[in-house]
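K.L.:
I need the structure of the sequence given here:
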Amino acid sequence: MRKLALCLAFLTVVMSALPILAQDDDDGDEEESAWGEYGGEVGNRYLIGLNSLITFPADPVMSTAEPDSEFDNLPLAVVTKYPVGFLQGTLLGAFRASAGLLDLVFAPLTPFKELSPEPRYLVFADAQHEEY
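P.N.:
Next comes the predicted model:
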């Protein structure tokens with residue numbers, strides 16, 4: 001377990017440095033180098049995956065506190081929308097955690113898109129979700 005924690009800490013430091021390494025120091029209009037582009041994409045995908053792993057516990061809480069408006073059409077909505085919201089948040093949290101883990105593992109493989117759903121909260125300011 002200690003080796004896994006050390007490996008994850010090392011990968012976090014390395015992957016968070018990739019967007020910095022991807023920045024060009026030139027002021028010219030030249031295109032970004034292939035390694036710089038690759039580093040930016042990998043670093044962003046890694047940070048989105050790590051963000052998903054950090055923020056997945058908030059999904060059941062927020063879905064219970066603020067259920068979706070579609071749950072107002074349920075029978076006895078005053079009572080049932082909160083347990084259904086908790087169930088929806090729990091399933092979304094499980095999906096967010098598993099997709100975030102896959103984003104971490106597959107970050108160096110360029111053809112894969114981000115699997116994580118749209119983040120509810122962004123912990124890392126530099127991370128941007130591809131679809132949003």
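
K.L.:
would you map the helices across the chain?
P.N.:
Listed in chain order, the helices of the chain (DSSP state H) span 2-22, 34-55, 58-65, 77-105.

K.L.:
what angle sits between the longest one and helix 58-65?
P.N.:
Right, helix 77-105. 170 degrees (axes from the mean of the first three to the mean of the last three C-alpha atoms, to 10 degrees).

K.L.:
which strands and helices sit next to helix 77-105?
P.N.:
helix 34-55, helix 58-65 (3 or more C-beta pairs under 8 Å, 6 or more residues apart in numbering; DSSP states H and E). In short, each C-beta sits where N, CA and C put it, glycine included.

K.L.:
repeat the analysis, applying 10 Å as the threshold.
P.N.:
Applying 3 or more C-beta pairs under 10 Å, 6 or more residues apart in numbering; DSSP states H and E, we find helix 77-105 packed against helix 2-22, helix 34-55, helix 58-65.

K.L.:
please identify the most buried of those helices.
P.N.:
Highest mean neighbour count among those (mean count of other C-beta atoms under 10 Å): helix 34-55, with a mean of 20.

K.L.:
what's that helix packed up against?
P.N.:
Short answer (3+ C-beta pairs under 10 Å, 6+ apart): helix 34-55 packs on helix 2-22, helix 77-105.

K.L.:
taking the mean pLDDT, what do you get for that helix?
P.N.:
Helix 34-55 carries an average pLDDT of 85.
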